[in-house]
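# return a 3D structure for these sequence lines:
(chains A and B)
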Amino acid sequence: MSQSSFRQHFMPGLWENNIALVQMLGLCPVMAVTSTATNGLGMGIATTAVIILSNLLISLLRNTIPAEVRNPVMIALIAGTVTLVDMAMNAWTHELYKVLGLFIALIVTNCAVLGRAEAFALKNGPVASMLDGLGMGLGFTWALTLLGGIREVLGGGTLFAHASSLLGPAFHWMELQILPPDTGVLLAILPPGGFIVLGLLIAAKRIVDQRMAARQQAPSSPLVMLQS
Amino acid sequence: MSDTTHSSTVTETAAATSTEAGIADRLARLRARLDYQGLILGFLCAVVTITLLLGDRGTRDLIGQRQMEDKLALLAQVLPPALYDNNPLQDAVKISDVEFSAQAVEVYPALRNGELQGAAFQLGTVGYGGVITLMLGVDRHGVIQGVRVLSHKETPGLADKIELDKGDWILAFDGKSLSNTERPQWAVKKDGGEFDQFTGATITPRAIVNGVHKALEFYARHAAEIAAAAQASADTQGNPS
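Next comes the predicted model:
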């Protein structure tokens, strides 16, 4: 896989076609779990794993799946994969399951997974599809962690509370108390706060995009002069 | 990765020189047929179903074991380990009491040397957002050894201080019993009782205080029955008595 196609498949999910901030898919689990940064991170990691797996599976089977019945086939495959992962984690990595278990069941309702299967994996090879899944998943993860972090600091004054139960005791240093306890704005943790903060994040992303576009256009001529 | 796998349009136009292209061509024709569409959908669903059945069979016992370990760890929080040397989950007895719960309550007896030292059981009480499930441990005199919240749907940030992770409110029940705390005391302070409520959340603590009080009454009504049933189940399992 050449570097240009790596960039072409991996990069869009991180910023320009971010699931949460641009495609705005899978908002139901997003609103439900992002009351803390740790929850956002956990949901992001679990979703990344599922998107990579389901993209690989759909991509391998893409030539045998007729367009007319692709939706039920993809839904059956994704739901089956998620359920298997759920059972396996519950049996063999039970400690991790106690933290992530909630998110795994919610991923079935995440239409972003189906969205990637439909928009990418059905038309591309397995390696490209897995790269796409990784990029989309990581983009989803940072957006969710940021969303959860902002809501957590505003609502409870903490950041990454209970991170050590998700990542292991070595990550205890991540658990910070930003504001004094019991000073938070409750609204930020409740569902409306999720919509408000997500709206602000989307607006911020648009502003950054506009600035970047403006910067690329304006100083181009002096730069060319310098180079020549 | 070859170009043929990258795009199916290439394979359709290309002459079927390689076998790979031939297969892709045949698949493309197959995909347009209605009978194939029905068959592949049915086949893939069958494969997914069978895989899930196998997965369930392979993991069910392990998951059951893990859940039992979780429950034992929880029991250890509401019953001091010195109270029992049995496995309370295995010696569980079912007690029916319509006044306390519509369904039979599973009581986990704490036995030491075959004698009843206390018991733990789950209870549900209706809070602000739905049912709050609690685990309660008492000694044989009906004195509370510990209460823990198993699940709840109360407002985060306001009423979730009932979790031990977020506050030690729930520890206020330790050592309380029907005899050392009179009926009027079993209420939040706002209602003239002795338990704290939370700022902006009275319904949740009120529900838990009432639920715990009802649970103590339930235990008082059935203590003899639990002792007899636990004794019988311990004897049949050959525990030393």
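# what's the longest helix in chain B?
Using DSSP state H to define each element, chain B has its longest helix at helix B:34-78.
# tell me which strands and helices that helix is in contact with?
Helices and strands touching helix B:34-78, by 3 or more C-beta pairs under 8 Å, 6 or more residues apart in numbering or on different chains; DSSP states H and E, are helix A:70-92, helix A:94-107, strand B:131-139, strand B:144-151. Bear in mind the C-beta positions are built from the backbone N, C-alpha and C, glycine included.
# what pairs with the shortest one, and is each one parallel or antiparallel?
Looking at strand B:144-151 with DSSP bridges, its partner strands are strand B:131-139 (antiparallel).
# flag every buried residue along the partner strand.
B:Ile132, B:Leu134, B:Met135, B:Leu136, B:Gly137, B:Val138, B:Asp139 (16 or more other C-beta atoms under 10 Å in any protein chain shown).
# quick check: mean pLDDT of stretch B:54-73?
Summarised as a single mean, pLDDT over stretch B:54-73 is 92.
# what's the closest non-adjacent residue to the residue nearest in space to the middle of chain A?
The centroid of chain A falls nearest to A:Phe140 when counting by C-alpha atoms, centre = their mean (1.6 Å). Nearest non-adjacent residue to A:Phe140, counting by C-beta to C-beta, 6 or more residues apart in numbering or on different chains: A:Ile19, 4.6 Å away.
# mind checking pLDDT for that neighbour?
88.
# so which strand or helix has the nearest residue to A:Thr36 once chain neighbours are set aside?
Leaving aside its chain neighbours, A:Thr36 sits nearest to A:Glu152 (4.4 Å; criterion: C-beta to C-beta, 6+ apart). Following DSSP states H and E, the helix or strand that holds A:Glu152 is helix A:126-156.
# return the list of helices and strands in contact with that helix.
helix A:3-10, helix A:27-33, helix A:37-61, helix A:111-116, strand A:158-159, helix A:191-217.
# show me what the last one is packed against.
It stands for helix A:191-217. Secondary elements touching helix A:191-217 (3+ C-beta pairs under 8 Å, 6+ apart): helix A:27-33, helix A:126-156.
# please apply the same query to the second one.
Under the contact criterion of 3+ C-beta pairs under 8 Å, 6+ apart, helix A:27-33 touches helix A:37-61, helix A:94-107, helix A:126-156, helix A:191-217.
# how far away is the closest residue to A:Asn18 other than its chain neighbours from A:Ala188?
The shortest distance from A:Asn18 to any non-neighbouring residue, by C-beta to C-beta, 6+ apart, is to A:Gly139 (4.5 Å). From A:Gly139 across to A:Ala188, the span is 23 Å (C-beta to C-beta, to the nearest Å).
# more crowded one of those two?
Using other C-beta atoms under 10 Å in any protein chain shown as the criterion, A:Gly139 and A:Ala188 rank with A:Gly139 on top: 26 against 20.
# contact residues of chain B facing chain A?
Counting by C-beta under 8 Å from any C-beta of the partner chain, the positions of chain B adjacent to chain A are B:1, B:5-8, B:24, B:27-28, B:31-32, B:36-38, B:40-41, B:44-45, B:48-49, B:51-52, B:55-56, B:58-59, B:62-63, B:66, B:69-70, B:155-158, B:165.
# of the residues you listed, grab the buried ones for PyMOL.
Remark: buried members of those, expressed as a PyMOL selection using 16+ other C-beta under 10 Å:
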select buried, chain B and resi 5+8+24+27+31+36+37+40+41+44+45+48+52+55+59+63+66+155+156+157+158
